[in-house]
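Enquirer: Generate coordinates for the sequence data below:
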Amino acid sequence: MGLTDILSDWWEDFMKFAGDAANQFINNLTAEIQRQFTETSYYIQERLNEVGELIKETWSNTLEYTNETFF
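Expert: From the prediction side, this is the model:
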């Protein structure tokens, strides 16, 4: 085994290590992005539910006031 073979093997091992590290980084980043999207979607869903309840309550109060005032 000559110096060229040793350097070639070293380079292949290094590239495999770099590729594995990059894949791990991407997988972790993807998982974090997915977690943040999930957390954001829950937050949005909660706010929309609150807005829906507020609209429902306001509409009910308006109808109740209209019935009491005019009927």
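Enquirer: Where does pLDDT dip in the chain?
Expert: Scanning the chain for pLDDT under 70 picks out 1, 3.
Enquirer: residue ranges of the helices in it, please?
Expert: Taking DSSP state H as the criterion, the chain contains helices spanning 3-70.
Enquirer: Distance of the residue positioned nearest the centre of the chain relative to Gln24?
Expert: Nearest to the mean C-alpha position of the chain, counting by CA atoms, centre = their mean, stands Phe37 at 1.6 Å. As judged by CB to CB, to the nearest Å, Phe37 and Gln24 stand 21 Å apart. In short, each C-beta sits where N, CA and C put it, glycine included.
Enquirer: Also Thr58?
Expert: For Thr58, the distance to Gln24 - CB to CB - is 51 Å.
Enquirer: Next: Asn49.
Expert: According to CB to CB, Asn49 stands 38 Å off from Gln24.
Enquirer: and if you look at Tyr42?
Expert: Per CB to CB, Tyr42 is found 27 Å from Gln24.
Enquirer: Also Phe70?
Expert: From Phe70 across to Gln24, the span is 69 Å (CB to CB).
Enquirer: which of those two has more neighbours?
Expert: A direct count of neighbours by other CB atoms under 10 Å for Phe70 and Gln24 places Gln24 higher, at 10 against 6.
Enquirer: so who does that one touch?
Expert: The contact partners of Gln24, taken as CB atoms under 8 Å, 6 or more residues apart in numbering, number zero.
Enquirer: Against Ala31, how distant is it?
Expert: On the measure of CB to CB, Gln24 and Ala31 end up 11 Å apart.
Enquirer: now Ile6
Expert: Per CB to CB, Ile6 is found 37 Å from Ala31.
Enquirer: swap in Glu68?
Expert: From Glu68 to Ala31 the distance is 56 Å (CB to CB).
Enquirer: what does Lys16 give?
Expert: Taken as CB to CB, the span from Lys16 to Ala31 is 23 Å.
Enquirer: can you check Lys56 too?
Expert: Taken as CB to CB, the span from Lys56 to Ala31 is 37 Å.
Enquirer: ok now do Phe14, which residues does it touch?
Expert: Phe14 neighbours (CB under 8 Å, 6+ apart): none.
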